[in-house]
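# task: produce atomic coordinates for the following.
(2 chains)
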Amino acid sequence: QKEVEQNSGPLSVPEGAIASLNCTYSDRVSQSFFWYRQYSGKSPELIMSIYSNGDKEDGRFTAQLNKASQYVSLLIRDSQPSDSATYLCAVRRRSGGYQKVTFGTGTKLQVIP
Amino acid sequence: DGGITQSPKYLFRKEGQNVTLSCEQNLNHDAMYWYRQDPGQGLRLIYYSQIVNDFQKGDIAEGYSVSREKKESFPLTVTSAQKNPTAFYLCASSGQGSETQYFGPGTRLLVL
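Sure, this is the predicted structure:
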């Protein structure tokens, strides 16, 4: 089982719709969770971080965390063509004396005008 | 303007050649990281450094070497022992007590 799993997509949604991106992780002691957006040929940029169970909203983005189910999701409301990118889920846990961050392979989102 | 810079943007390596990728940050971050990204795969950790003059191997360190002589700089050398070096290389940093990693623009390494 992969440490962090994401559906590779592509996930296609029409402009203005809600895009729902999902991520599961295998290590129950994981502590922090991050969503990055990566445009083709570019480096990842942080969208949101979440540390506690529940929802965290920032503009059109909402991150949802359920530690019991080992599940974190990202909702994008009013999706725009500029949201078309690959979204990487990252999970942090302590590994020895190091805070290890493991990345998923990403979900490609396509927003259709 | 604070940030992380990587150079060059593109790098070409010949067989048997060692090449060095530059990573500089002016964010006053203590920790720095090198990742490799291949198509369809997640980011894989090569090396990381939490303080100056100290660094640790990540998951795929074989064929790579690093140094951390200054807080601002964390260069990565891809040695001739790395048989499949073609990839997108990303440098990241994080501040003390911060869990969030911020990425540089990346270097794309190609083999001639």
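
# which secondary structure element of chain A has the lowest mean pLDDT?
Least confident helix or strand of chain A, by mean pLDDT, DSSP states H and E, is strand A:98-103 with a mean of 84.

# so what does that one touch, helix or strand wise?
Secondary-structure packing of strand A:98-103 (3 or more Cβ pairs under 8 Å, 6 or more residues apart in numbering or on different chains; DSSP states H and E): strand A:85-95, strand B:43-51. From N, CA and C alone the C-beta is placed, and that goes for glycine too.

# which of those has the lowest average pLDDT?
Lowest mean pLDDT of the helices and strands packed on strand A:98-103: strand A:85-95, a mean of 91.

# buried ones in it, by neighbour count?
A:85-93 (16 or more other Cβ atoms under 10 Å in any protein chain shown).

# which secondary structure elements does it sit against?
strand A:4-5, strand A:19-25, strand A:32-38, strand A:71-76, strand A:98-103, strand A:107-112.

# which parts of the last one are buried?
The neighbour-count check on strand A:107-112 (16+ other Cβ under 10 Å) flags A:107-109, A:111 as buried.

# got it, and stretch A:1-8?
A:3-6.

# likewise stretch B:105-112?
B:106-107, B:109, B:111.

# in strands only, show me those residues.
Judged by DSSP state E, those include B:107, B:109, B:111 as members of strands.

# out of those residues, which comes closest to residue A:15?
Nearest to residue A:15, judged by Cβ to Cβ, of these is residue B:107 at 34.1 Å.

# which ones are touching the closest one?
B:6-11, B:21, B:88-89 (Cβ atoms under 8 Å, 6 or more residues apart in numbering or on different chains).

# so residue A:77 sits right up against residue A:16, yeah?
No - counting by Cβ atoms under 8 Å, residue A:77 does not reach residue A:16; the two are 9.1 Å apart.

# give me the common contacts of these two.
Joint contacts of residue A:77 and residue A:16 (Cβ under 8 Å, 6+ apart) do not exist.

# which ones are touching residue B:30?
So residue B:30 contacts B:50-51, B:71, B:94-96 (Cβ under 8 Å, 6+ apart).

# identify the residues contacting the closest residue to residue A:2 other than its chain neighbours.
With sequence-adjacent residues excluded and distances taken as Cβ to Cβ, 6 or more residues apart in numbering or on different chains, residue A:2 is closest to residue A:26, at 7.0 Å. Residue A:26 makes contact with A:1-5, A:70 under the criterion Cβ under 8 Å, 6+ apart.

# and the furthest pair within these?
A:2 and A:70 (12.1 Å).

# I'd like the distance between residue B:29 and residue B:4.
Applying Cβ to Cβ, to the nearest Å, the value for residue B:29 to residue B:4 is 8 Å.

# overlap in contacts of the two?
Joint contacts of residue B:29 and residue B:4 (Cβ under 8 Å, 6+ apart) are B:93, B:102.

# higher neighbour count, these two?
Shown here are residue B:29 and residue B:4; by other Cβ atoms under 10 Å in any protein chain shown, residue B:4 has more neighbours (22 against 19).

# which bits of chain A sit near chain B?
Within reach of chain B by Cβ under 8 Å from any Cβ of the partner chain, chain A has these residues: A:4, A:8, A:31-32, A:34, A:36, A:42-46, A:49, A:88, A:90, A:92, A:98-106.

# give me the neighbour count for residue A:48.
For residue A:48, the neighbour count with other Cβ under 10 Å is 17.

# so what's it up against?
A:34-35, A:56, A:58, A:61, A:63, A:74 are the contacts of residue A:48 under Cβ under 8 Å, 6+ apart.
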